[in-house]
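Asker: predicted model and sequence follow; I will ask about them next.
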Amino acid sequence: MNGKGHGPKVLAAVGMLAAALWSGSGARADTVPVMVIHGGAGVIKADMSIERQQIVKAALGRALQAGYAVLKAGQPAKDAVVAAIQVLEDDPNFNAGKGAVFTHDGHNEMDAAIMDGATLQAGAVAGVSHVRNPITLARAVMEQSKHVLLIGAGAEAFAQARKIPLVDPSYFWTQYRWNQLQKALKEDAAHTQHADETTDRHFGTVGAVALDHAGHLAAGTSTGGMTDKLWGRVGDSPLIGAGTYANAGCAMSGTGWGEFYIRTVAAHEICMRVTAMHETLNHAAQDVINREIPALGGDGGAILVDAQGNIAMPFNTSGMYRAWVGRDGVSHVEIFGNGKT
Ligand code: ASP
C-alpha cells in the first residue's frame, strides 16, 4: 500500500464531502427544512362561519404539504415556495389566481414575485390578467429573462413565448369577489366610507417562505391586489423589498395594505435588521409590522423564516391565514390568535 499516494486522494474525498455538506454562502446542506405559508391577513372572526374556517384551513394544509414535500425531497426552497403558492392560486378562497379580487373596472389584474435568497435572483410580474399561475410566470422571469419585473401585456407576451398557461379572463370570475366589488362601489357612491378604509379590500393575498436542506431561503407572494383598485395600481407583493424579499439570512412574504409596505420597504427593512443589524427575526418583524406600519395608518401581517429556522408571523389585524412546519416537523394551521405562535 502506498501511503504517500493516498494522502491527496483522502484530502480530495474530504473536500468533496465538505462541499456536499456545505453549499455556497456558508449554508449547511443538512439543515432541517422549514415551510411557512399565508393566505392573507385581515380575516374577521364574526364574518367566518365554522364551516368556512374549516374549508380555508384544509386548503392551507394542502398548500403547506405541497411545499413541505418538495423540501423533504431535498429540492430547493424556491421550488417549495412555487409549489405551495400554486395550490393557493388555484383555490378560489384566496385573493390570488382563481380567486383574485376585481379592479374598479371589473377586471382582475394580478401581481406576483419570487426571490431566491441563495443567489439574490428575483422575478416578478404585475398587472397580468390572463396568467393562470402568476407565481410560475414570476419564476420564469427570474430564471429565463435578464429582467426582474415585467408588467401587463409585455409580461403576458413573455408567458406565451415560454409556454406558461394562459386562460380567458372569465376563469378569474367568482361570485364572492364580484359581490365584494359591488359592495365597494356602493360605498364609493354613497361616500359612507373612504375607499381605503374598507377592511376587506386589501386582504387574501397568498405567500410562502421556505428554508431548504441546503440551508437556503426563498420567498414568494401572489395577489389580485385590492378590490376596487384604480388606474393600473400595483401593490407591494411584486415589488422586491416591499412585500417580498429573501437573502442568505432571512425571507419574508407580506400581506396587507400594500402602499404602507412599499413606503416602509417592509420586507427589506426587516431582513436587513436581521442580517446586518443582528436583531432577532421576531423582534425586527414585530417592530415593523406592529409598530412602524400601524403608526403610518397601515395594517397587515407577514411570514418570515431565518437561516436558523426561526419563524415569525406577526399581524396587526384580527386574523391572518397561516400554516407552518417548523424545525420540529409538526404541521400547524391557524387563522386567529396573536401572531406570536
Ligand atoms: N398587499 C396586497 C396589495 O396591497 C394585498 C393583500 O395583501 O391582500 O396588493
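Answerer: Thanks, I have the structure now. As the structure is a prediction and not an experimental result, all values here were calculated from the model. Residues are numbered from 1 along each chain as shown.

Asker: residues near the residue nearest to Phe203 when sequence neighbours are not counted, how many?
Answerer: Closest residue to Phe203 apart from its sequence neighbours, by C-beta to C-beta, 6 or more residues apart in numbering: Gly42 at 3.3 Å. In short, each C-beta sits where N, CA and C put it, glycine included. When neighbours are defined as other C-beta atoms under 10 Å, Gly42 has 25 of them.

Asker: secondary structure element for the residue in the stretch 1-150 of the chain that the ligand sits nearest to?
Answerer: When distances are taken as C-beta to the nearest ligand atom, the stretch 1-150 of the chain reaches nearest to the ligand at Gly40, 4.9 Å away. Assigned by DSSP states H and E, Gly40 belongs to strand 34-41.

Asker: give me the angle between the helix or strand following that strand and strand 34-41.
Answerer: Downstream of strand 34-41, the next assigned helix or strand under DSSP H and E is helix 50-72. Here helix 50-72 points in a direction 150 degrees away from that of strand 34-41 (axes from the mean of the first three to the mean of the last three C-alpha atoms, to 10 degrees).

Asker: ok, residues contacting helix 50-72?
Answerer: Residues from elsewhere that reach helix 50-72 (C-beta atoms under 8 Å, 6 or more residues apart in numbering): 33-35, 37, 39, 48, 77, 79-81, 83-88, 91, 93-94, 206, 208, 210-213, 321-325, 331, 333, 335.

Asker: check the residue nearest to Phe203 and give its pLDDT.
Answerer: With respect to pLDDT, Gly42 scores 82.

Asker: what sits closest to the residue positioned nearest the centre of the chain if chain neighbours are left out?
Answerer: Nearest residue to the geometric centre of the chain (C-alpha atoms, centre = their mean): Gly207, 2.4 Å. Among residues not flanking Gly207 along the chain, Ser253 sits closest, at 2.9 Å (C-beta to C-beta, 6+ apart).

Asker: isn't the one you found right up against Ile240?
Answerer: No - Ser253 is beyond contact range of Ile240, at 11.7 Å (criterion: C-beta atoms under 8 Å).

Asker: looking at the two, which one has more neighbours?
Answerer: Using other C-beta under 10 Å as the criterion, Ser253 and Ile240 rank with Ser253 on top: 33 against 21.

Asker: now the one helix or strand that one maps to - C-alpha only, CSV.
Answerer: Using DSSP H and E, Ser253 sits in strand 250-256. Extracted in CSV, the C-alpha atoms of strand 250-256 (Å, rounded to 0.1, in the frame of the first residue of the first chain):
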residue,chain,number,x,y,z
CYS,A,250,-34.0,36.0,6.1
ALA,A,251,-37.0,35.5,3.9
MET,A,252,-40.3,37.4,4.1
SER,A,253,-43.7,37.5,2.3
GLY,A,254,-46.1,40.2,3.4
THR,A,255,-49.8,40.7,3.2
GLY,A,256,-51.9,43.8,4.0
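
Asker: so which elements touch that strand?
Answerer: Counting contacts by 3 or more C-beta pairs under 8 Å, 6 or more residues apart in numbering; DSSP states H and E, strand 250-256 packs against strand 34-41, strand 206-211, strand 217-223, strand 244-246, helix 266-275, strand 300-306.

Asker: what average pLDDT does the fifth one get?
Answerer: What helix 266-275 shows for mean pLDDT is 98.

Asker: over to the fourth one?
Answerer: Along strand 244-246, the predicted confidence averages to a pLDDT of 98.

Asker: who are the packing partners of the helix or strand just after the strand holding Ser253?
Answerer: Later in the chain than strand 250-256, the nearest helix or strand by DSSP H and E is helix 258-263. Packing contacts for helix 258-263, counted by 3+ C-beta pairs under 8 Å, 6+ apart, involve helix 293-296.

Asker: for the helix it packs on, C-alpha coordinates in CSV please.
Answerer: Extracted in CSV, the C-alpha atoms of helix 293-296 (Å, rounded to 0.1, in the frame of the first residue of the first chain):
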residue,chain,number,x,y,z
ILE,A,293,-46.8,50.2,9.7
PRO,A,294,-49.7,51.0,12.0
ALA,A,295,-48.0,54.3,13.0
LEU,A,296,-48.4,55.4,9.4
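
Asker: in that helix, what's buried?
Answerer: Ile293 (16 or more other C-beta atoms under 10 Å).
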